[in-house]
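Novice: I would like the atomic coordinates for the input below:
(chains A and B)
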Amino acid sequence: MYGWIWRHLPGNTWVKALISLVLVLAVVFVLFQYVFPWAEPLLPFNDVTVDQGMAAVR
Amino acid sequence: MTVRWIVRTLSEICVTAGTLIVLLVVYTLFWTGVRADDAMDGELGTLREQWSAAPAAGHHDTPGPAPSARPRPYEAGRPFAVMYIPRLGTDWSKPVIEGTATDVLKRGLGHYAGTARLGVVGNFAVAGHRRTYGDPFKDFPRLRPGDAVVLTDGTTWFTYRIDRRPYTTLPSDIGVIDPVPRASGYNGPGRYLTLTTCEPEWGHSHRLITWAHLDSTQPLAQGRPSALPG
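Specialist: Next up, the predicted model:
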């Protein structure tokens, strides 16, 4: 997979390295900005209320 | 489809999954804290601005709607008070926001909608993160009877005193935020405060509760209450 991407990037080694770096940063950004904020509430650290603080609380 | 290809693909998948997990841990342990501290500072700033823009002085010379005979209801998702707990740190101060929705708790402590207002007879109940999102209640188990929980709504200081060591209960035990909280040892109506967070520290099987009663109030103009250091 990574070999395939590397072979299909244009330019010489330096250009490829630079593009790879940008791609990695883009992936990390998308993860931190969109994927993890969605996934994190599924972890147990958010449950701090009794009965989720929902309708049951008058 | 050689064995080499299969082994290589498998290793790449493993490395990718490992990196993802490490990144998620970094996000949860570190990045949520950075974002939450930022958001809490923002909420504190909003409050300070509100309070300096509409100070209590308005009581005398505003011709508009009758001033604060009936206090404004708390607006969901909006901050309305600042909480100080010296035991959790001399500079520990967090905004209190109306509601306990997930996005509210990312920006501060959440006041259970439907529980009492600050300082009145009933139970002022507040929830906060133990871990992640700035770890506001990380040291919750260190709270002891007699510890002060000080709040201000911009006009008055409210000093509550904790009455017993943190109490562990189940998530379904909503009686702990009743006007006269169940299991708290209080046996009549009073001006109470309840704090809730998760227990164990990194889990969600139980909740940790502490109760306090209103000890004293004083107008903001009289300066900080003696329970606050500095």
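Novice: contacts and neighbour counts: CA atoms only from here.
Specialist: Noted.
Novice: roughly how far apart are the residue in chain A that chain B sits nearest to and A:Pro41?
Specialist: Closest to chain B within chain A is A:Val48: 4.3 Å, counting by CA to the nearest CA. Going from A:Val48 to A:Pro41 by CA to CA, to the nearest Å gives 12 Å.
Novice: lowest-confidence helix or strand of chain B?
Specialist: Least confident helix or strand of chain B, by mean pLDDT, DSSP states H and E, is helix B:58-61 with a mean of 44.
Novice: for whichever helix or strand comes after it, packing partners?
Specialist: Using DSSP states H and E, the next helix or strand after helix B:58-61 towards the C-terminus is strand B:79-84. The helices and strands touching strand B:79-84, judged by 3 or more CA pairs under 8 Å, 6 or more residues apart in numbering or on different chains; DSSP states H and E, are helix B:32-53, strand B:93-98, strand B:148-152.
Novice: just send these back as a markdown table, with distance to B:Tyr186, mean pLDDT and mean neighbour count too.
Specialist: Output for those, formatted as a markdown table (distance: least, CA to CA, whole Å; pLDDT from 0 to 100; neighbours: other CA atoms under 10 Å in any protein chain shown):
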| stretch | distance to B:Tyr186 | mean pLDDT | mean neighbour count |
| --- | --- | --- | --- |
| helix B:32-53 | 33 | 93 | 17 |
| strand B:93-98 | 24 | 96 | 25 |
| strand B:148-152 | 18 | 96 | 24 |
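Novice: report the distance from the helix ranked longest in chain A to the chain centre.
Specialist: Longest helix of chain A, by residue count under DSSP state H: helix A:13-30. Per CA atoms, centre = their mean, to the nearest Å, the displacement of helix A:13-30 from the mean C-alpha position of its chain is 14 Å.
Novice: again with stretch B:75-92
Specialist: From the chain centre to the centre of stretch B:75-92 is a distance of 6 Å (CA atoms, centre = their mean).
Novice: again, but for stretch B:174-192
Specialist: Mean-position distance between stretch B:174-192 and its chain equals 19 Å (CA atoms, centre = their mean).
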